[in-house]
Each structure stands twice: as structure tokens, then as C-alpha cells.
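>>> sequence plus predicted model, see below.
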Amino acid sequence: MTKKPTKKKKPAAPRKGAAPAKPPAPEATAATPAPRATLTEVEIAPPQNYQAALCIVGSDGPAMFGLSGRERLRRQFARAGLVGEIAADAAEKHRGPLIILRADAVIDQPLIEVIIKRPGLVLTTEAVDGKAVVATNIRASDAKAVMKNMAGEPTPLPFLLLQRAPSELEAAYWKALRKRETPYALIVTPANSTAVERRVFMGTYKGATDLVTKHLWPVPAFHATRFLALRGITPNMVTMVAAILTALAFFLFLKGAFAVGLVAAWAMTFLDTVDGKLARTTLTSSKWGDVFDHGIDLVHPPFWYAAWAVGLASWGVHWSATLTWWVVGIILGGYVLQRLMEGAAIKWLGIEIHIWRPLDTLFRQITARRNPNLILLTLFTLFQKPDWGLIAVAVWTGLCLVLHAIQLVQAFAAKPKSGALPSWMAGP
């Protein structure tokens, strides 16, 4: 008996409307995987940077107040929040804004913000052989041409870059120092280093200050600042010595030793100028130093005047209690009220009242503050009349208080309905 061959079943026909059957998957075969590319075979593009990077090129010129050109520029841009720096040979590969600076350039602080905020800017200055480029804010593709130009090669700059001198930029008003002047951008050489250093020093002065600070101290303070900077003396060290002299003058006034006390007082006011200039020329100012310095300036004058009044008895002058209270009361009350008026102007008018009009800035030179008052005390002491000197301070304080009150009323009357009161220094 033989078996009948088994018939293969035909696949069932698909139902009407059904999806066609998928073809059977091919049998798996062992395949050799494609070789992976190594890191050396793949070009990895550097990441895009949105913050500008510094690139300082060339050789340093003579140091300014103990700082090399490179270090000065680094500190200036760090104060503006820019600390990234790349080497010159990596400039063309940088993907982002690029600020190229000459290492022998000396640039005023107000221009630093302008350079950072203006893409395409080429800052120029007058040199012996014509205009020279000192700083640029460019793209990396323009770096080669700019660096050649800075090196002195006759290389034209890209057409779209904007060449401007400091006087052609809107940077004449420096609010922090309450002044208006054309900022500097200079190239320092051995031949002009002293002149440039003096320009840097004078650039640290405030525009609205007293006549002693503005006209008497600059020359000796320049030499003192440079002497201290080259020896690594910090501004806070100078302020500490000034604080000691402040206390010494107080005790000398208290004992009636007015002549010696005035020597200590004037030495203190001189160092009060030097510590600020030292901080700005060496770019070492700090919040603590600012509080320390201005705290002493704010607190000590009333103590000096009160000590002077008490010391008159040791001199041989005996005032009645009524006269003493009137004189000291006018001086101390006027001092406090004048400070409050200045604070009110800042809070409600948005301006330092001494820079509102040219007349206000001029009046600031002689208003009843420490240095002008010391002039009165010194003059009358030279004529052996320290009591008259204190009365003169009281009279001048009262007059200045009235003038400041009128000034403040005028300022509130002139205040615009919206916004702060403008300063004449901020105008064109």
C-alpha cells in the first residue's frame, strides 16, 4: 500500500479590500559593518560665540603707573565685563565678535564701552605718520587686514568698517566723574610717555569739585601718585594714612593747637585726592575702598568744626554758650542740610545738583565744604584769629545754604514732567 503524495496548499486569496500580504523577510546574512570615521577624519567646527573676545597685538609701549599696556587694557575691559582673550594666531578662526587692540595703545575708560557696543567700529588716533588704528570691533574674517594695518603695513581696511576718532564718538560726557571732555585714545612711545601719563592722570579728575582739588593739588598729586604706583602702594593704604591724619587733626584742634592741626588736615585732604587718583590710574578701585574713602569724607568735617570750637578755650578765647551754640549749630546744621539737598536732587531729580548748569559747577568750587572752609580757617589762623575763622565758616555756610535752597527750588521748577533733569555736561 503506497502513500499518496501530499498536495501543497495554495495560499488563500486575499479578501476583497484587504491589504496585500508582505513579502517574506530575507534570510539574515552576516554583513561586515562599515568602518567608523575617527575624530581626526572629521572636521569639528568651533562653537559660535556671541560675546566678543579680546585680541591684543603688537609690542607694549612704556608702562603707565606701573602697568604694562596689555595689563591696563585687560583690566579696563574686565571692568566692562569682558574677560575672554585669544591669541593673535587664533583670531581668524574665532567664531564671534573680535575686539583687536594695540598693546601700546592707551584708551580712556568711556571709550571702552563704546568699543564693546559698536560692531564694525575702527577707533583711530593721530600719529606721526597720519591716522593710526588703536582698536576695532570686527568679524574674524577682517582680522588679517586689521592686524596688518596695526603693524604698519599699507593694508586697506574693509569698506564696511566705520573709522572714527574719539572726538567723533558720543562719549564726551562721563557721568561717573561728573565731567565733559573729549576722551583720549593714544599710542604711547618713549618720547611721549610722560605726557601721556599726565593725560591719563588728569583724566581721573572729577569735573565738579572744589578749587583746591581742581587747581592746587594736580601737580604734586601726579608725582605722588606715580611714586606710590611704582612701589606697589595700594589706594587703601593711602586712605588708612589719611584716616590717621583725620583723627590727629581732630585731637590737635581739640587742644587748641590749630597751626599744627591744620598741617595734619591739609595733609589729609591731599591724600584724599591721591588715593582716588591712585585707584583710577592703576585700575584697582573697589567697593570697600570707595565706602572707606567716602565714609571718612562724609563723617569727619563736623567733628573738626566742633573740636575747633572747644579748642578756642585753650587758645585763650572764651565764648559764651549762646555764641558757641549759634556758630557750631549753623555750621553743623548747614552741613547736614546741604548734604540732604544733594541727596534730594539725586533721588527726585535724577541728577547731581552741581552739574545741572555751568553756574552750579562753578559754585561747587567755593561752596561751604571742607577744603574751602579750611582756607578760611587757615587764613584767620595766620593772623592769630582762629575764632574769627570759625565765625567766617559759619557765615559762609549760612549763605551757601540759602543759595543751595534757591538752586534746589529752581531745579524742581525746571524739572520735566517725565524723566530726569538734564545736565549741561550731557549736551552737545
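Great, that's in hand.
>>> point out where this protein drops to low pLDDT.
When the per-residue scores of the chain are filtered using pLDDT under 70, the ranges that remain are 1-50, 128, 428.
>>> now the helices: where do they sit in it?
Ranges of helices within the chain are 69-79, 109-117, 143-150, 193-202, 211, 218-230, 235-254, 258-281, 287-315, 321-344, 358-364, 370-382, 386-414, based on DSSP state H.
>>> just the residues contacting the first one, thanks.
Defining contact as CB atoms under 8 Å, 6 or more residues apart in numbering, one finds that helix 69-79 is touched by 54, 56, 60-61, 63-64, 67, 83, 85, 99, 101-107, 109, 112, 116, 188, 283. Every residue, glycine included, has its C-beta placed from N, CA and C.
>>> next, the buried residues of that helix.
Buried residues in helix 69-79, counting neighbours by 16 or more other CB atoms under 10 Å, are found at G69, R70, E71, R72, L73, R74, Q76, F77.
>>> ok, those residues vs G427, which is closest?
Closest approach between the buried residues of helix 69-79 and G427, by CB to CB: Q76, at 26.6 Å.
>>> and the closest residue to A229 other than its chain neighbours, what does it touch?
Counting by CB to CB, 6 or more residues apart in numbering, F65 is the residue found nearest to A229 once chain neighbours are left out, at 4.0 Å. With contacts defined as CB under 8 Å, 6+ apart, the neighbours of F65 are E197, V200, F201, T225, R226, A229, L230, T281, T282.
>>> what's the answer for V299, then?
For V299, no residue meets the contact criterion (CB under 8 Å, 6+ apart).
>>> what distance do you get for it to G398?
With distances defined as CB to CB, to the nearest Å, the gap from V299 to G398 amounts to 22 Å.
>>> same check, this time on G207
In this view, G207 and G398 are 27 Å apart by CB to CB.
>>> compare these two (neighbour count), which wins?
The residue with more neighbours, out of G207 and G398, is G207; 18 against 15, by other CB atoms under 10 Å.
>>> and the more buried one, what is it in contact with?
Taking CB under 8 Å, 6+ apart, one finds W174, L177, R178, K179, R180, E181, I355, T361, M425 in contact with G207.
>>> I'd say the first one and T204 touch.
No. When contacts are counted by CB atoms under 8 Å, W174 is not listed as touching T204 (10.4 Å).
>>> phi first, then psi, for the nearest residue to S314 once chain neighbours are set aside.
Leaving aside its sequence neighbours, S314 sits nearest to G256 (CB to CB, 6+ apart; 3.0 Å). Here is the backbone geometry of G256 (degrees, to the nearest 10): phi 80, psi 10.
>>> hmm, G256 is touching H318, no?
No. Under the contact definition of CB under 8 Å, G256 does not touch H318, with a separation of 11.9 Å.
>>> between those two, which is the more surrounded one?
Neighbours were tallied for G256 and for H318 using other CB under 10 Å; the higher tally belongs to G256 (19 against 10).
>>> look up how far A321 lies from the more buried one.
Counting by CB to CB - G256 and A321 are separated by 18 Å.
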